[in-house]
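S.K.: I would like the atomic coordinates for the input below:
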Amino acid sequence: MAFPPSLPRLYAILDVEQIGAGSTEQVCESLLGAGVRLLQYRHKRGSSREMFEGVRRLIPMIHDSGGLLIVNDRADVALVAGADGVHLGQDDLPVGLARRVLKPGRWLGCSTHNLDQLRIADASPADYLAFGPIFPTSSKDTPDPTVGLAGLAEARRATSKPLVAIGGITVSNARRVMQQGADFVAVISGLLAAPDVADRAREYLDALSE
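M.R.: Residues are numbered from 1 along each chain as shown. Modelled structure (predicted):
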């Protein structure tokens, strides 16, 4: 299953621990107002209850805007909160088991960091694959080795599934990332660390639509 082709190509990650001024809901509202329609809720240190309540607060405003909300890591939270899908890392629940947890029609994504992982995920029930970090990133304490634009191009040749590029993607390099075959670009600190999140989101959307 692919994301609707009408979605803008920016995949905004709402990392609760990286949101500065304002609440998660306020940042989400700013992103939606700028035109973002694909968002992921990420709360690595949050309890199950905190994640559930956080997702439930975001879903109405995102769905009212015609957007999708993906939950990071937790298929169970995505299911009970009514989210549109889950995104799994290499250390999370196996993709096949997560697919059995989710309701039909929900999206299932998987993070990969090298071609071996990507090929395994490509053969799994995952609907889309994330690949990276493309460039050095500060969003993780212990990031995987960068794969670069050449690695992204190899990943594109290795899968026909929708491909999300992540890691160090800025407004200035986002277009080059798309030219190497990414369908979407995922951004965390490039958005959340900006003085004005909405303005920065518009800059990304403009770059990705050129």
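
S.K.: contacting residues around the closest residue to Leu68 other than its chain neighbours?
M.R.: Once flanking residues are discounted, Leu68 sits nearest to Asp84: 4.2 Å by C-beta to C-beta, 6 or more residues apart in numbering. In short, each C-beta sits where N, CA and C put it, glycine included. Counting by C-beta atoms under 8 Å, 6 or more residues apart in numbering, Asp84 touches Leu68, Leu69, Ile70, Ala78, Arg106, Trp107.

S.K.: Just the ones of the residues you listed in strands?
M.R.: Leu68, Leu69, Ile70, Trp107 (DSSP state E).

S.K.: rewinding a little: quick one: the residue nearest to Leu68 and Asp122, what's the gap?
M.R.: Going from Asp84 to Asp122 by C-beta to C-beta, to the nearest Å gives 22 Å.

S.K.: hang on, the earlier thing: between the ones in strands among the contacts of Asp84, which has the most around it?
M.R.: Highest neighbour count within the ones in strands among the contacts of Asp84: Ile70, with 24 neighbours (other C-beta atoms under 10 Å).

S.K.: Out of the ones in strands among the contacts of Asp84, which two sit at the greatest distance?
M.R.: Longest distance between any two of the ones in strands among the contacts of Asp84 is 10.0 Å, between Leu69 and Trp107; criterion C-beta to C-beta.
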